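# One predicted model, sequence on top.
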Amino acid sequence: ERNAETHKSRKDAVLIASGKYIMFLDADDELFSNAFEIAYKAIEKNRTDAIRFGVQHIDIQGNFIMTGAFRLTKTSEKIEDSNWVCLFDKGKIKGWNIWDKIYNASLCKKAFEQMEDDYFVMAEDVYFYFVFGYFATSYSTIENVIYKYRQGFGVWSGIGNQISLKQYMILISQKKTLDAILRFYETKHDA
């Protein structure tokens, strides 16, 4: 088949996956050798719908830039609520990335089944995160750093103070993704 890009490729893979949990890895990034073991043990122990883990940022050559590890609060390592959508307003969930978490596979499937097949240049992570978060009821974090995020690649690469018309068109393409989120939300609520 033709290249279906990130969103459709992720959706197709998730819908045929047979495992209990799902993790995503962008093509230009890396996982630490023990990443799956750590993520699996954490989600089995915490029994949450998803767990966010720490990320090491590296440059294009693989040189260390910084490390980001996350905690929900000083006193709590787990959030349980009717769904995640309300948690964004409370500031408890930060970061829309799809790749810095391990997810319950059945909820991933449920989310992707509800999502459109369209091609989204930007914000496809936000789309998944919103739909998955609509169905999810629990979330936790671990401080373990198990993912290497390569900065300087991808759509955001080279977008600075001055941008070209092509880069501008990429930035405004986010509206297409936001419209898909709105359509999903409207199917679940009276608008």
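Received the coordinates, thanks. Residues are numbered from 1 along each chain as shown.
# Help me confirm that residue 15 comes into contact with residue 109.
Yes. Between residue 15 and residue 109 there is a contact under CB atoms under 8 Å: 6.1 Å. C-beta: built from backbone N, CA, C; applies to glycine.
# Between these two, which is the more surrounded one?
Relative neighbour count places residue 109 above the other of residue 15 and residue 109, with 17 against 11, counting by other CB atoms under 10 Å.
# Confirm for me that that one is in contact with residue 18.
No. Look at residue 109 against residue 18 with CB under 8 Å: they stay out of range, at 10.5 Å.
# quick one: common contacting residues for those two?
The contact sets of residue 109 and residue 18 do not overlap (CB atoms under 8 Å, 6 or more residues apart in numbering).
# where in this structure is pLDDT low?
The chain contains residues with pLDDT under 70 at 1-2, 4, 69-95, 153-163, 168, 170, 190-191.
# Counting residues, which strand of it comes out longest?
Ranked by residue count, the top strand of the chain under DSSP state E comes out as strand 138-150.
# And the next helix or strand past that strand?
Next in sequence after strand 138-150, counting helices and strands by DSSP states H and E, comes helix 165-172.
# Pull out the buried positions in the helix of greatest length in the chain.
Once the chain is assigned using DSSP state H, the helix that runs over the most residues is helix 174-188. Of the residues in helix 174-188, 174, 176, 177, 180, 181, 184 count as buried by neighbour count, 16 or more other CB atoms under 10 Å.
# Geometrically speaking, which residue is the centre of this protein?
residue 98 (1.2 Å; CA atoms, centre = their mean).
# quick one: that residue and residue 23 touch, right?
No. Checked against CB under 8 Å, the pair residue 98 and residue 23 is beyond contact range at 9.5 Å.
# Do a quick rundown of the helices in this structure.
Per DSSP H, the chain carries helices over the ranges 5-16, 35-46, 85-89, 105-114, 124-135, 165-172, 174-188.
# how about those, which one is nearest residue 55?
helix 35-46 (10.8 Å; CB to CB).
# Against which helices or strands is that closest one packed?
Contacts defined by 3 or more CB pairs under 8 Å, 6 or more residues apart in numbering; DSSP states H and E place helix 35-46 against strand 21-23, strand 50-58, strand 101-104, strand 138-150.
# hey, which of these is tucked in deepest?
Mean neighbour count, computed with mean count of other CB atoms under 10 Å, is highest for strand 101-104 among these, reaching a mean of 23.
# Can I get that strand in CSV? Just the C-alpha atoms.
Only the C-alpha atoms of strand 101-104 are listed here, as CSV (Å, rounded to 0.1, in the frame of the first residue of the first chain):
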residue,chain,number,x,y,z
LYS,A,101,3.5,6.0,27.7
ILE,A,102,2.4,2.3,27.9
TYR,A,103,-1.3,1.8,27.3
ASN,A,104,-4.0,-0.8,27.9
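# Against which helices or strands is that strand packed?
With contacts defined as 3+ CB pairs under 8 Å, 6+ apart, the packing partners of strand 101-104 are strand 21-23, helix 35-46, strand 50-58.
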